[in-house]
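Visitor: what's the 3D shape of this:
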Amino acid sequence: MVERLSVGEFEIWALREGYFYLDGGAMFGVVPKVLWEKKTPADSLNRICLATNSLLIRGRKANILVETGLGEKLSAKFKEVYAVELRPGLKAALREIGCAPEEIDFVINTHLHFDHCGHNTELAGEDLVPAFPRAVYLIQRGEWEAALNPNERDKASYLPENFWPLQEKGRVELINGNKEVLPGVKIILTPGHTAHHQSVLITSGSANVFYTGDLIPTSAHVGLPYIMSYDLFPLETLKTKKEVLAKAVAENWVLAYVHDPKVFFSRIKKEKDKFISEPLENSFLS
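Guide: As a prediction, the model looks like this:
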């Protein structure tokens, strides 16, 4: 499944790799089930369906891929635990819009949890190699260091096979804080989910598209209290969300969601003291 936005000089494609399931209570933190289930119904095991959505930014100077999903190196047990369904898969989604892996110039991971960087690498025989062979992978230095030295709580989320081979092949650029990748595409530090989580802002003229990553994983998480139990620093998430959503309202941003199974893009409105996600009505932004 793909969806396209035209943003000035940029062509932005939302690509759906597939789906997996996580515990609904963990996904909504302190918000009671009686409230969050109205937005996202749970199955009999209290799990909710989540997507893995990537963003392809096509500009005149470069092709940028944001997030690489779960990937295809998963064990049968992993697929069973998380009810993984790769439909159609990231590379198949790219093929659908006529983009080859060799055409990607940059890959941006918001962070290095397994559901955001799984297709950074792939198997070539018995070797793990970069899945996008000419790309530079842009990762926050602090996130890289956390991934290489995880604590007991984080260890299951960081799978070295998804990122360590990139370093071995010399494809990683570690960055510190905000960075302009090219004119109109900027990496923005958005801490909370992890200490060095990053998001991506695409700007052309007065149009802005903001890929939220796990700061706001789905459109159901736009409300300020809707913060995941997976977030390492929930109060930092709250602070960052307030800042991002206020800008989204003031500057009429479009938000792009990494895990929403139905909504790729939406605008944000504020009614009284509440932020609300509204459907995007036009695919041409200027």
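
Visitor: Look up phi and psi at residue 237.
Guide: phi -60, psi -50 (degrees, to the nearest 10).

Visitor: Quick one: residues contacting the residue nearest to it when sequence neighbours are not counted.
Guide: Spatial nearest neighbour of residue 237, chain neighbours left out: residue 192 (2.9 Å); criterion: C-beta to C-beta, 6 or more residues apart in numbering. Backbone N, C-alpha and C define where each C-beta goes, glycine included. When contacts are counted by C-beta atoms under 8 Å, 6 or more residues apart in numbering, residue 192 touches 215, 227, 231-234, 236-241.

Visitor: What ranges in the stretch 1-150 of the chain fall below the confidence cut-off?
Guide: Along the stretch 1-150 of the chain, segments meeting pLDDT under 70 span 1-2.

Visitor: Do you have the strands of the stretch 1-150 of the chain handy? List them.
Guide: Along the stretch 1-150 of the chain, counting by DSSP state E, counting those that start in this stretch, strands occupy 2-7, 10-23, 47-58, 63-66, 106-108, 121-124, 127-130, 136-140.

Visitor: Please report how far the residue nearest to residue 237 lies from residue 139.
Guide: 17 Å (C-beta to C-beta, to the nearest Å).

Visitor: Helices along the stretch 101-250 of the chain, start to end?
Guide: Along the stretch 101-250 of the chain, counting by DSSP state H, counting those that start in this stretch, helices occupy 114-117, 141-148, 164-168, 234-250.

Visitor: how much space between residue 110 and residue 34?
Guide: 30 Å.

Visitor: higher neighbour count, the two?
Guide: Neighbour totals were compared for residue 110 and residue 34, and residue 110 leads with 27 against 7 (other C-beta atoms under 10 Å).

Visitor: so what's the nearest residue to that one once chain neighbours are set aside up against?
Guide: Sequence neighbours aside, residue 213 is the residue nearest to residue 110 in space, at 3.1 Å (criterion: C-beta to C-beta, 6+ apart). Counting by C-beta under 8 Å, 6+ apart, residue 213 touches 67, 110-111, 116, 190, 193, 197-200, 258.

Visitor: For these, could you give me JSON lines that also reports distance to residue 43?
Guide: JSON lines is the format used below for the contacts of residue 213 (distance: C-beta to C-beta, whole Å):
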{"residue": "67", "distance to residue 43": "25"}
{"residue": "110", "distance to residue 43": "27"}
{"residue": "111", "distance to residue 43": "27"}
{"residue": "116", "distance to residue 43": "23"}
{"residue": "190", "distance to residue 43": "30"}
{"residue": "193", "distance to residue 43": "24"}
{"residue": "197", "distance to residue 43": "28"}
{"residue": "198", "distance to residue 43": "32"}
{"residue": "199", "distance to residue 43": "29"}
{"residue": "200", "distance to residue 43": "31"}
{"residue": "258", "distance to residue 43": "21"}
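
Visitor: most neighbours, which of the residues you listed?
Guide: residue 197 (30 neighbours).

Visitor: show me what contacts that one?
Guide: By C-beta under 8 Å, 6+ apart, the neighbours of residue 197 are 110-111, 140, 143, 189-191, 213-215.

Visitor: now with 6 Å?
Guide: Applying C-beta atoms under 6 Å, 6 or more residues apart in numbering, we find residue 197 in contact with 110-111, 190-191.

Visitor: how much space between it and residue 257?
Guide: For residue 197 relative to residue 257 (C-beta to C-beta), the value is 15 Å.

Visitor: Check residue 87 too.
Guide: For residue 87 relative to residue 257 (C-beta to C-beta), the value is 18 Å.

Visitor: Of these two, which one has the most company?
Guide: Using other C-beta under 10 Å as the criterion, residue 87 and residue 257 rank with residue 257 on top: 26 against 13.

Visitor: contacting residues for that one?
Guide: Taking C-beta under 6 Å, 6+ apart as the test, what residue 257 contacts is 218-219.

Visitor: neighbours around the closest residue to residue 61 other than its chain neighbours, how many?
Guide: Using C-beta to C-beta, 6+ apart and skipping the chain neighbours, the partner closest in space to residue 61 is residue 182 (5.4 Å). Residues lying near residue 182 (other C-beta under 10 Å) number 14.
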